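Chemist: Here is my input; please provide its structure:
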Amino acid sequence: MRDAAKTSLAWVATAPADEIAATVAPFFPDIPRDRAACIIQRHRDLNLWARSPVIPEEGFRRLAAAMQSGGVIDAAPDWSDCVDVSLAAAASSANP
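Modeler: Numbers count the residues shown, from 1 in each chain. This next block holds a predicted model:
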């Protein structure tokens, strides 16, 4: 699973946006493919996709704070209770 995550992230980082849009289209049937490709490219241009399966503590805390302020969660969980970096770190250092 960890190797699949690493491989997927590498593919998303390099594949053309329209190829990614075609691949994920079945999961988003109400979004026109050209619009999905535009969204994907915009996310890439803004550097919003991770290139590593490692979830940094700072990013986790920002996400938790956003979810809490949006009313999605009542309290922010502790990063160490939710994240096991050993698996992601191993995937990041392993060859595909």
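Chemist: domains of this structure?
Modeler: 1-51, 56-90 (automatic domain parsing).
Chemist: Columns mean pLDDT on top of the ones you listed, output as a markdown table?
Modeler: Shown next, in a markdown table, are the domains of the chain (pLDDT from 0 to 100):
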| stretch | mean pLDDT |
| --- | --- |
| domain 1-51 | 92 |
| domain 56-90 | 88 |
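Chemist: now those domains in CSV, with mean neighbour count?
Modeler: Backbone N, C-alpha and C define where each C-beta goes, glycine included. Converted to CSV, the domains of the chain look like this (neighbours: other C-beta atoms under 10 Å):
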stretch, mean neighbour count
domain 1-51, 13
domain 56-90, 12
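Chemist: ok, now which ones touch Ala21?
Modeler: Arg33, Asp34, Ala36, Ala37, Ile40 (C-beta atoms under 8 Å, 6 or more residues apart in numbering).
Chemist: ok, and it, which helix or strand is that part of?
Modeler: Using DSSP states H and E, Ala21 sits in helix 17-24.
Chemist: With just CA atoms, put that helix into PDB.
Modeler: The C-alpha coordinates for helix 17-24 follow below in PDB (Å, rounded to 0.1, in the frame of the first residue of the first chain):
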ATOM      1  CA  ALA A  17      -3.800  17.000 -16.300                       C
ATOM      2  CA  ASP A  18      -6.100  15.600 -19.000                       C
ATOM      3  CA  GLU A  19      -4.800  12.100 -18.400                       C
ATOM      4  CA  ILE A  20      -5.400  12.400 -14.600                       C
ATOM      5  CA  ALA A  21      -8.900  13.800 -15.300                       C
ATOM      6  CA  ALA A  22      -9.700  10.800 -17.600                       C
ATOM      7  CA  THR A  23      -8.500   8.400 -14.900                       C
ATOM      8  CA  VAL A  24     -10.500   9.900 -12.100                       C
END
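Chemist: Just the element for Ser8, please.
Modeler: Here Ser8 is assigned to helix 2-14, by DSSP H and E.
Chemist: what's that helix packed up against?
Modeler: Applying 3 or more C-beta pairs under 8 Å, 6 or more residues apart in numbering; DSSP states H and E, we find helix 2-14 packed against helix 85-93.
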